[in-house]
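S.K.: With the input below, show me the fold.
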Amino acid sequence: VGPRDSLSEALGKMKKNQMREIPVIEKGKLKGLLTFRTLARRRKMPITSHVQNFMISPPRVNPNDRIYKVVERLITRDFSSLPVTHKADVLGMISRMDIIKLLGEDEEVRRMPVESVMNFAPTTIAGSMGIKKALNIIDLSGELGAAVIDGEGRFLGCVTTKELVAYLETPKHRPHTGDFQGEKVRSDRTVESLARMPETLSRSDTIGKAMDIMIGDSVDTIYVMDGNDLVGSLTEVDLLEIFMRGPSRSGPLIQVAGIEDIKLMDASELNSLMEKFIHKIEKFSPITAVTIRIKHHHHDSDEDKYTVIIKLSTRDSIIVREAYDWDLLVAVGEAFSHIEQQIKKDLERARDKVRKRS
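M.R.: Alright, predicted model coming up:
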């Protein structure tokens, strides 16, 4: 799209081509990137607005960049795709799915069990929750969708940000001209009414099967079941992190979701705390990736509560731990401590096996 094209034109192209990001180009030169996440957060904007008012400046990908460097930018900057440029000339786009297709050519990776890379703590929302609240929770989680569960924790299906936004955009009456949201919005329905039952995997299924479903159905998340119980999820990012186990890097890939909702002082202290624990854990095992999800539970009182889920990947395993506290840093420290204890136990078991063999 061009900088002076309308949001209506941009949305039409994004929906038609199933794009989450679309490059903004003028005379063959990259001017910026328009993302669906930006549009989802600002739903009341007039669709006649110019794209240039909402585009962002994305990281650039050079044709000669190493794949793992591209993966790092996609994950850490939370993009699904990025423009490939040479001296501002746009040569094309590279997406997470493009790299997953490349990864799918590796037979060793395809044979890996889903359980070895899945997220054991997927984002969930209650089926009785309202549409707008659910959309806000998914946005804060950094995900593109969530599993829907009932009051007893049973899996009811899933919803995506696109589906929730599309519903909120649908007016009950004829919309005003130029009104993105419409005259009145049907916001009284619950998430359960929009949930759909997706194709799921079991713990023992292979990464190859997961990739085939993602590519064939154009989905970014697959849910993992143990019988009727939801036990995890597998996302594009989980698969991309496999790439990061290969090449040598100067440090682990770190991704933090939900940090936008915390104070600047907490964010600074959080970085210091992460560095401290990562340094301690790397004395026992090299770390390839760390993903931290922060869920901020707002209360009527001045006090807030946090849920912290940390997924730490080494070259040999993935460990996920969860902690809760009124103090964010206490919750992060507790989750990291649990991971450190688990790594120590795993190392001790490995040593015991070696001693028994000798």
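S.K.: where exactly do the strands run in the stretch 151-300 of the chain?
M.R.: Ranges of strands in the stretch 151-300 of the chain, per DSSP state E, counting those that start in this stretch, are 155-160, 201-202, 221-226, 229-235, 253-257, 287-297.
S.K.: Switch the ones you listed over to JSON lines; also include distance to Pro3.
M.R.: In short, each C-beta sits where N, CA and C put it, glycine included. JSON lines is the format used below for the strands of the stretch 151-300 of the chain (distance: least, CB to CB, whole Å):
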{"stretch": "strand 155-160", "distance to Pro3": "28"}
{"stretch": "strand 201-202", "distance to Pro3": "42"}
{"stretch": "strand 221-226", "distance to Pro3": "33"}
{"stretch": "strand 229-235", "distance to Pro3": "32"}
{"stretch": "strand 253-257", "distance to Pro3": "30"}
{"stretch": "strand 287-297", "distance to Pro3": "35"}
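S.K.: Can you tell me which of those strands is nearest to Lys31?
M.R.: Among the strands of the stretch 151-300 of the chain, the nearest to Lys31 by CB to CB is strand 253-257 (27.3 Å).
S.K.: and that closest one, how far from the chain's centre?
M.R.: Per CA atoms, centre = their mean, to the nearest Å, the displacement of strand 253-257 from the mean C-alpha position of its chain is 10 Å.
S.K.: Mind giving me the packing neighbours of it?
M.R.: Contact analysis of strand 253-257 by 3 or more CB pairs under 8 Å, 6 or more residues apart in numbering; DSSP states H and E lists helix 67-76, helix 264-281, strand 287-297 as its packing neighbours.
S.K.: So which of the ones you listed is the most surrounded?
M.R.: Most buried of the helices and strands packed on strand 253-257 by mean neighbour count (mean count of other CB atoms under 10 Å) is strand 287-297; its value is a mean of 21.
S.K.: where's the residue nearest to Pro58 when sequence neighbours are not counted, which helix or strand?
M.R.: Taking CB to CB, 6 or more residues apart in numbering as the measure, Pro58 lies nearest to Leu33, with 4.1 Å between them; neighbours along the chain are not counted. Under the criterion DSSP states H and E, the helix or strand holding Leu33 is strand 29-35.
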